[in-house]
Structures are given as structure tokens and as C-alpha cells.
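Engineer: Have a look at this prediction, sequence included:
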Amino acid sequence: MPPSCLNTLPGGLTHQQVDGTDVVTVYQSMHAALRYAREGHGPILLEMHVVRALPNIHVPAFQEATGRRPFVFDGLRTGRENGDLSDPLVSCQHYLRAHGVWDDDWANQLCARISNEIECAWHDVLHDILQSSGQSSVYP
């Protein structure tokens, strides 16, 4: 938040900026904020900054279509060279792998299960669309 916005916060409200793509930082910040509030010191506004890759976005085309540049805040991400680490899930995977608790077999099973659930949901949606339109195929 720019400093001018901080002047408009209600009295007694503490503000902290947090790297929202860092799962450990978010977890620790949330616990600290809860402890702070439970001790009677008041609330804390945790502002989670999440920088996500903008796939398939062409900045000049985006600017022309919307009249503005895409907003990307990366001020809290100093020292991170790998663009993949802007994804909270990839960042979490790197953290767990670095601490020896990442399990590739579990991750592959989870990926297969979620992919299957998505495929089934997609099939159900197509089935419902076809039924409601009286068609038997998506192809004319």
C-alpha cells in the first residue's frame, strides 16, 4: 500500500505487507497476527502480494484493449531469479523438496487424481449442455 493509503486506515489497525507467494511466510505471518490479536494488541491487516505469471498476455495488446498496463507488484520478491517461484504452489514444492519432505509419488498420484476429476467434470458439463440443447454431439 502506498503511504498515503496507510493514513486512511482506522486507528489501532496495524498493516504489514507479506509475500503471498511464500507459503511459509504467509503461515508464519498469519500465526503472528493471530497471536498479536489474541494478546489484546488489536488487529493486523496482512496485505498479501502475489505475483503470478500472465500467460499468453501480450503487454502492448493488453494496453491497447484496456487503456492500462497490467499491474505487477514485485517489490517483495527480491533475490528470486526463477520466474516459476512466482507461483505459490511451485514455491511450496521447492520449499518442501529443500527440507526433504516432498514426495514425487504422492505428487504424481495427486496430479492424476485431480486431472481425472477435471476430466469427469468437463464430461458432465458437456453432457448437460448437449442434453439441454437437444444435441447428441458437439460436432455439427
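Structural biologist: Here it is on my side, so go on.

Engineer: State the mean pLDDT of the longest helix seen in the chain.
Structural biologist: When the chain is parsed with DSSP state H, its longest helix is helix 104-133. If you average the pLDDT over helix 104-133, you get 89.

Engineer: Okay, now the unreliable bits of this protein?
Structural biologist: Confidence mapping of the chain against pLDDT under 70 gives the ranges 1-7, 51-86, 136-140.

Engineer: Apply 50 and report the result again.
Structural biologist: 1-4, 56-59, 70-83 (pLDDT under 50).

Engineer: per-domain residue ranges of it.
Structural biologist: Split into domains by automatic domain parsing, the chain comes to 3-102, 103-140.

Engineer: The closest residue to D22 other than its chain neighbours in helix, strand or coil?
Structural biologist: Leaving aside its chain neighbours, D22 sits nearest to S91 (6.0 Å; criterion: C-beta to C-beta, 6 or more residues apart in numbering). Yep, even glycine has a C-beta here, placed from its N, CA and C like the rest. Secondary structure for S91, judged by DSSP: H, G, I helix; E, B strand; the rest coil, is helix.

Engineer: what angle separates the helix or strand hosting R97 from helix 104-133?
Structural biologist: Assigned by DSSP states H and E, R97 belongs to helix 88-98. Here the directions of helix 88-98 and helix 104-133 differ by 160 degrees (axes from the mean of the first three to the mean of the last three C-alpha atoms, to 10 degrees).
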